[in-house]
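> predicted model follows, preceded by the sequence.
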Number of protein chains: 2
Amino acid sequence: MKSVRTVTALAGAITFGVAGAAYAVDPAPNGIELPQGYKDCRVVGSSHRTDNESLRVIVGNDVAVEAARSGRTNPWPDGAVLGKLVWKDRQDAHWSAATVPGKFVHAEFMIKDAEKHASTGGWGYARWLGNEQKPYGADANFVQECFGCHTPVKSRDYVFTTPAILP
Amino acid sequence: MKSVRTVTALAGAITFGVAGAAYAVDPAPNGIELPQGYKDCRVVGSSHRTDNESLRVIVGNDVAVEAARSGRTNPWPDGAVLGKLVWKDRQDAHWSAATVPGKFVHAEFMIKDAEKHASTGGWGYARWLGNEQKPYGADANFVQECFGCHTPVKSRDYVFTTPAILP
């Protein structure tokens, strides 16, 4: 059952939440709360993965978007939050050559705090599954899976996403 | 050469612009101005087209996003602006099964005003090409190409995009 609690917005992240709002999604097993207002955030990138047939839009809070647009992404600054919105592939009914978002798979996040998350490369990780927004991971060790997968891009400050060009 | 002019923001569309700001992109041949702040807008959907190898993120102004989230999309309300950000496919260097945004192709828009744009199904169309943001179309008749392509989805108020599920 989901609990209702009070959370504090991320500092400076206007589009990532409202301070003190009641919140109905459980935190990740490592204590990270779902960034409020994540679906109102600005676009950083996009991807389509054929290995697991999913479409993704990568969004960022204000710190992340400003960093992306000014090229300060190696390292990303403390306070940056990157969110990945993931949907299962669906063939568009009206444009057969188009893959579009189907079922919502999950929303996952990287939260930069070099000191707090030093043991995982300076990033805190969290993921919420499906429309139910169920926290991912049996316990706090789930982050080792995230960190392991991102370690091959350590030289990119552990981030796969290259911000998309937007004039 | 680009001219600098003063434009008025779209009514109510906080994330689509700043009233009275100087603007350095020429309007489309039908007089539609590039919606300011379009790249700061919220996500409505995404797509990957294999017929022309392009990734797209569909964004909306506040009117469009509110309509999308409340299911008022047939018809979309007057004032709705949908923007499509389009990039050429690029294979990700660090995840070979991922297609990610490469070269920026164009930003294109549908602007709903049932009365003003009655001759093209209630939508005004415009597109700006590349990083140079060159207006698309030799003259105002370019909209017939847009309208023709969207006519097969007349029953969906001429919109291909189904808003992506976002809990």
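Sure thing, it's come through.
> for chain A, what's the longest strand?
In chain A, assigned by DSSP state E, the strand with the most residues is strand A:98-112.
> which parts of chain A are strands?
A:5-6, A:22-23, A:42-49, A:54-60, A:81-91, A:98-112, A:123-129, A:134-135.
> hang on, the earlier thing: run the chain-centre distance for the longest strand of chain A.
Relative to its parent chain, strand A:98-112 has a centroid offset of 9 Å by C-alpha atoms, centre = their mean, to the nearest Å.
> same deal with stretch A:114-130?
10 Å.
> now do the buried residues in it.
Buried positions in stretch A:114-130, judged by neighbour count with 16 or more other C-beta atoms under 10 Å in any protein chain shown: A:117, A:120-129. Just so you know, the C-beta spots here come from the backbone N, C-alpha and C atoms, and that holds for glycine as well.
> quick one: low-confidence ranges for chain A?
A:1-23 (pLDDT under 70).
> relative to chain B, how far out is the closest residue to residue A:138 other than its chain neighbours?
Leaving aside its chain neighbours, residue A:138 sits nearest to residue A:29 (7.0 Å; criterion: C-beta to C-beta, 6 or more residues apart in numbering or on different chains). According to C-beta to the nearest C-beta, to the nearest Å, residue A:29 stands 19 Å off from chain B.
> and residue A:29, what does it touch?
Listed by C-beta atoms under 8 Å, 6 or more residues apart in numbering or on different chains, the contact set of residue A:29 reads A:135, A:137-140, A:142.
> which among those residues gets closest to residue B:43?
Closest to residue B:43 out of the contacts of residue A:29 is residue A:135 (22.4 Å), distances taken as C-beta to C-beta.
> the nearest residue to that closest one once chain neighbours are set aside: what's it in contact with?
Excluding the flanking residues, the one nearest residue A:135 by C-beta to C-beta, 6+ apart is residue A:28, at 4.7 Å. Listed by C-beta under 8 Å, 6+ apart, the contact partners of residue A:28 are A:125-128, A:135-137, A:142.
> dump the buried residues of stretch A:114-130 into TSV; add distance to chain B as well.
Formatted as TSV, the buried residues of stretch A:114-130 follow (distance: C-beta to the nearest C-beta, whole Å):
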residue	distance to chain B
A:117	21
A:120	18
A:121	15
A:122	18
A:123	16
A:124	21
A:125	17
A:126	15
A:127	13
A:128	8
A:129	10
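> pick out the most distant pair among the residues you listed.
The span of the buried residues of stretch A:114-130, defined through C-beta to C-beta, is set by A:122 and A:129 at 24.8 Å.
> quick one on the thing from earlier: the longest strand of chain A vs chain B: in contact?
Yes: using C-beta under 8 Å from any C-beta of the partner chain, we find that strand A:98-112 touches chain B at A:98-101, A:103-104, A:107.
> returning to that earlier point: next one: phi and psi at the residue nearest to residue A:135?
Torsion angles at residue A:28 (phi, psi; degrees, to the nearest 10) stand at phi -70, psi 160.
> do you know how far it is from residue A:113?
For residue A:28, the distance to residue A:113 equals 15 Å [C-beta to C-beta, to the nearest Å].
> swap in residue A:151?
18 Å.
> so which of the two has more stuff around it?
Neighbours per residue (other C-beta atoms under 10 Å in any protein chain shown) separate residue A:151 from residue A:113, with residue A:113 holding more: 14 against 11.
> ok, that one touching residue A:124?
Yes: using C-beta atoms under 8 Å, residue A:113 makes contact with residue A:124 at a distance of 6.4 Å.
> check contacts around residue A:157.
Here residue A:157 is in contact with A:73-76, A:121-122 (criterion: C-beta under 8 Å, 6+ apart).
> would TSV of those residues with distance to residue A:164 be doable?
Below are the contacts of residue A:157 laid out as TSV (distance: C-beta to C-beta, whole Å):
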residue	distance to residue A:164
A:73	12
A:74	17
A:75	20
A:76	16
A:121	23
A:122	23
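> and those residues, which is closest to residue B:33?
Among the contacts of residue A:157, and counting by C-beta to C-beta, the member closest to residue B:33 is residue A:73, at 31.2 Å.
> so the closest one touches residue A:160, yeah?
No: here residue A:73 lies out of contact with residue A:160, judged by C-beta under 8 Å, at a distance of 11.6 Å.
> and the furthest pair within the residues of strand A:98-112 next to chain B?
Distance extremes for these: the farthest pair is A:98 and A:107 at 22.8 Å, using C-beta to C-beta.
> let me see the contact set for residue A:126.
Counting by C-beta under 8 Å, 6+ apart, residue A:126 touches A:27-28, A:30, A:32, A:34, A:108-109, A:111, A:135-136.
> cool, residue A:103 as well?
A:87-88, A:90, B:165.
> circling back: please report which of the residues of strand A:98-112 next to chain B has the highest neighbour count.
Using other C-beta under 10 Å as the neighbour test, these are led by residue A:101, with 29 neighbours.
> may I have the beta-bridge partners of that one?
residue A:89 (DSSP bridges).
> repeat for residue A:129
For residue A:129, the beta-bridge partners are residue A:106, residue A:134 (DSSP bridges).
> go ahead and confirm it touches residue A:136.
Yes: Residue A:129 lies in contact with residue A:136 (C-beta under 8 Å); the separation is 5.7 Å.
> pull up the overlap in contacts between these two.
With C-beta under 8 Å, 6+ apart, residue A:129 and residue A:136 have common neighbours residue A:106.
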